[in-house]
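In: The sequence and its predicted three-dimensional model are supplied below.
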Amino acid sequence: MTDFPQPSETALSRLKSVVGEGGWRSSSEAERYFEDPRGRFTGQACLILMPKTTENVSQIVRICNEERLGLIPFGGGTGVVAGQLSPDSGNAIILSLERMDQIRHVMPEDYAMVAEAGCILENIHAAADEHGLMYPLSMASKGSCTVGGNLATNAGGIQVLRHGNARDLCLGVEAVLSSGEIISELRPLRKNNTGYDMRHLLAGSEGTLGIITAATLILKPQEQETVTALCASSSLDDALRLFQKLRADLGESLSGVELLSKFGLDLVNHHFPNLKNPVGLACDWYLLVEIAGQSGLMDRVEATLASCMETGLLPDAVIANSEAQRAGLWDLRENTPEANKMTGAICNSDTSVPLSQINQFITKTHKAISDLYPGLRINSYGHVGDGNIHHNVFPPVDISKADFVAANSTIIDLVRETINEVTEDCGGSISAEHGIGRLKVGDLNYYGAQAKLDTITRIKKALDPNNIMNPGALIG
């Protein structure tokens, strides 16, 4: 539990005056800032501030530092580890970057863009597209997640295999430190060895060291041709062998590879009847693959898939022949989280393992969950290209989530701990792309190397000595 000091009326008045009328909300009119996408937590706060400029953010932080008040940065509210919420204290102050949503510069010759932290990811895509370029970070929440939140959590998404995580697509940041000082490193430089790299320090720090207010993002030329295919596999081992074959034959043009199960696709179809599995042959596992590059790519992809069919590695596949078909295939993947939620998932994991351990990880997890409570169902899916497999666990058939959890009060934590143990056994990480937030602080302390934890604590104390920056997140 995090103890947020109670702000005085004087301090609250000072903070409100910084943003002016229309730039703040009271807790009674701020329900959306307290919502957890997975419904496990409910946040609290005494004031929501919505600054328009970096200077406003600096003034707010200075006041909070003087008064020792806890600030929680808020982007799109899509985080799933409670990093943007204060479940335990109504004294928190939420700093929403939603009004800082401007694209300051697009620099086509530098293949870069400067965007403010509140910019919605989908709007970044549209702005890049206007210049014949692309920003290759993408995920299901692109219509609501923001650049600042993406960087603060070092978000991953569906193209990490080729383009990397959020920090890999950032050239520099502008940020406000706990003292109120502004660091501005927004030059579109690919090489800049002038001391510690602030963008990499702040990316993934979850707002505990500073508040990112803008970033210089890497843009890339648009692909001349994109091929999307849904490939069936008779077994998990075959699916992983198919991935290795595609990577060997298609190289860097392989942009995304998503592992899907028949169980998961059936859930999507059940809740979204218009979304159907177009592959004629029913198999237990599928790979949704996207290949992008120079014109003429389709011939290479078809030749590779044909070769895999001849050897028996690929029983069946469907290649999208239009943008509508391509979108339809991706809808199967991007609606999977919502289908899991609608089905009543009691646990949604986010861990990663080495590529060589994916088969063992999935197999061992399914057995461990079954041993924990017979009848539990698991939808395992995710980014096979970077080892980030999500396990969504559901109650046995014909038992609602509410009734099952009420009858088994410890089951959620037991399932999560079981998945963590298998992850650790497979040499993985207990957080792959969603961060630590407040949900996984105990997990980090349990599984993290002591030297690393000590270093994290020292960095936190050095940059935020009064512990005002998202207290309780990442570091308990």
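Out: Looks like it arrived, so ask away. Residues are numbered from 1 along each chain as shown.

In: Make sure Trp279 is actually in contact with Ala232.
Out: That one is not Trp; residue 279 is Val. Yes: if you go by C-beta atoms under 8 Å, Val279 and Ala232 touch, sitting 5.0 Å apart. Quick note: C-beta positions are derived from backbone N, CA and C, even for glycine.

In: any residues in contact with both of the two?
Out: Residues touching both Val279 and Ala232 (C-beta atoms under 8 Å, 6 or more residues apart in numbering) are Tyr286, Asp316, Ala317.

In: Ser380: which of those is nearest?
Out: Tyr286 (12.0 Å; C-beta to C-beta).

In: show me the contacts for that closest one.
Out: Counted by C-beta under 8 Å, 6+ apart, Tyr286 has contacts Leu230, Cys231, Ala232, Ser233, Ala239, Leu259, Leu260, Ser261, Lys262, Leu265, Asn277, Val279.

In: of Val279 and Ala232, who's got more company?
Out: Shown here are Val279 and Ala232; by other C-beta atoms under 10 Å, Ala232 has more neighbours (23 against 19).

In: quick one: that one and Leu287, what's the gap?
Out: 8 Å (C-beta to C-beta, to the nearest Å).

In: thinking again about what came up before, nearest to Val81, out of the shared contacts of Val279 and Ala232: which one, please.
Out: After measuring the shared contacts of Val279 and Ala232 against Val81 - C-beta to C-beta - the closest member comes out as Tyr286, at 28.0 Å.

In: Disregarding residues adjacent in the polypeptide, which is nearest to the closest one?
Out: Computed as C-beta to C-beta, 6 or more residues apart in numbering, the closest residue to Tyr286 that is not its neighbour in sequence is Leu260, at 4.5 Å.

In: Which secondary structure state does the one you found sit in?
Out: Counting by DSSP: H, G, I helix; E, B strand; the rest coil, the backbone at Leu260 sits in strand.

In: Show the buried residues in the contacts of Tyr286.
Out: Leu230, Cys231, Ala232, Ser233, Ala239, Leu259, Leu260, Ser261, Lys262, Leu265, Asn277, Val279 (16 or more other C-beta atoms under 10 Å).

In: Among these, which one sits closest to His163?
Out: Nearest to His163 out of the buried ones among the contacts of Tyr286 is Leu259 (C-beta to C-beta; 18.7 Å).

In: what does the model give the closest one for pLDDT?
Out: As predicted, Leu259 sits at a pLDDT of 97.

In: Equivalent analysis for Ala30, please.
Out: pLDDT, Ala30: 87.

In: can you tell me which residues contact it?
Out: Counting by C-beta under 8 Å, 6+ apart, Ala30 touches Ala45, Ile48, Ile94.

In: What confidence value was assigned to the nearest residue to Ser233 once chain neighbours are set aside?
Out: In this structure, Ser233 finds its nearest non-sequential neighbour in Ala239, 3.7 Å apart by C-beta to C-beta, 6+ apart. Looking at Ala239, its pLDDT is 97.

In: Equivalent analysis for Met1, please.
Out: On pLDDT, Met1 comes in at 60.

In: what about Asp398, how many neighbours?
Out: Neighbours of Asp398 using other C-beta under 10 Å come to 7.

In: my bad, should have said Arg62
Out: Neighbour count for Arg62, taken as other C-beta under 10 Å: 17.

In: now the one 10 residues further on
Out: Counted with other C-beta under 10 Å, residues neighbouring Ile72 total 25.

In: That one belongs to a strand, doesn't it?
Out: Yes: assignment of Ile72 by three-state DSSP places it within a strand.

In: That one touches Leu47, doesn't it?
Out: No: using C-beta under 8 Å, Ile72 is not in contact with Leu47; the gap is 10.8 Å.

In: Mutual contacts of those two, please.
Out: Ile93, Ile94.

In: how near is the nearest residue to Gly70 once chain neighbours are set aside to Gly210?
Out: Residue nearest to Gly70 in three dimensions, not counting chain neighbours: Phe4, with 4.1 Å by C-beta to C-beta, 6+ apart. To Gly210, Phe4 is 19 Å away according to C-beta to C-beta.

In: the more surrounded of those two?
Out: Using other C-beta under 10 Å as the criterion, Phe4 and Gly210 rank with Gly210 on top: 26 against 23.

In: residues contacting the residue nearest to Tyr286?
Out: With C-beta under 8 Å, 6+ apart, Leu260 has these contacts: Trp285, Tyr286, Leu287, Leu288, Leu332, Arg333, Thr336, Tyr381.

In: Next, count neighbours for the third one.
Out: Neighbour count for Leu287, taken as other C-beta under 10 Å: 23.

In: residue ranges with poor pLDDT in this protein?
Out: Along the chain, segments meeting pLDDT under 70 span 1.

In: And the residue nearest to Phe394 when sequence neighbours are not counted, its phi and psi?
Out: Using C-beta to C-beta, 6+ apart and skipping the chain neighbours, the partner closest in space to Phe394 is Arg377 (4.4 Å). The phi/psi pair for Arg377 (degrees, to the nearest 10) reads phi -110, psi 150.

In: And for Thr42?
Out: phi -130, psi 120.

In: Around the closest residue to it other than its chain neighbours, how many other residues sit close by?
Out: Nearest residue to Thr42 in three dimensions, chain neighbours excluded: Phe34, at 5.6 Å (C-beta to C-beta, 6+ apart). Here the count is done by other C-beta under 10 Å, and Phe34 has 19 residues near it.

In: Help me confirm that Phe34 comes into contact with Gln44.
Out: Yes: Phe34 is in contact with Gln44 according to C-beta under 8 Å; the separation is 6.5 Å.

In: In this structure Met145 contacts Ala155, no?
Out: To be clear, residue 145 is Cys; Met isn't right here. Yes: between Cys145 and Ala155 a contact is recorded at 7.2 Å, counting by C-beta under 8 Å.

In: Now list whatever residues contact both of these two.
Out: Joint contacts of Cys145 and Ala155 (C-beta under 8 Å, 6+ apart) are Met139.

In: What spatial separation is found between the residue nearest to Gly70 and Leu71?
Out: On the measure of C-beta to C-beta, Phe4 and Leu71 end up 9 Å apart.

In: so what sits against both of the two?
Out: If you check Phe4 and Leu71 against C-beta under 8 Å, 6+ apart, the residues they both contact are Ala92.

In: which stretches of the stretch 351-476 of the chain form helices?
Out: Under the criterion DSSP state H, counting those that start in this stretch, the stretch 351-476 of the chain carries helices at the ranges 358-372, 401-407, 411-425, 441-447, 450-463.

In: could I get the ones you listed as JSON lines with mean neighbour count and distance to Lys52?
Out: JSON lines is the format used below for the helices of the stretch 351-476 of the chain (neighbours: other C-beta atoms under 10 Å; distance: least, C-beta to C-beta, whole Å):
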{"stretch": "helix 358-372", "mean neighbour count": "18", "distance to Lys52": "46"}
{"stretch": "helix 401-407", "mean neighbour count": "13", "distance to Lys52": "41"}
{"stretch": "helix 411-425", "mean neighbour count": "19", "distance to Lys52": "40"}
{"stretch": "helix 441-447", "mean neighbour count": "16", "distance to Lys52": "32"}
{"stretch": "helix 450-463", "mean neighbour count": "12", "distance to Lys52": "25"}
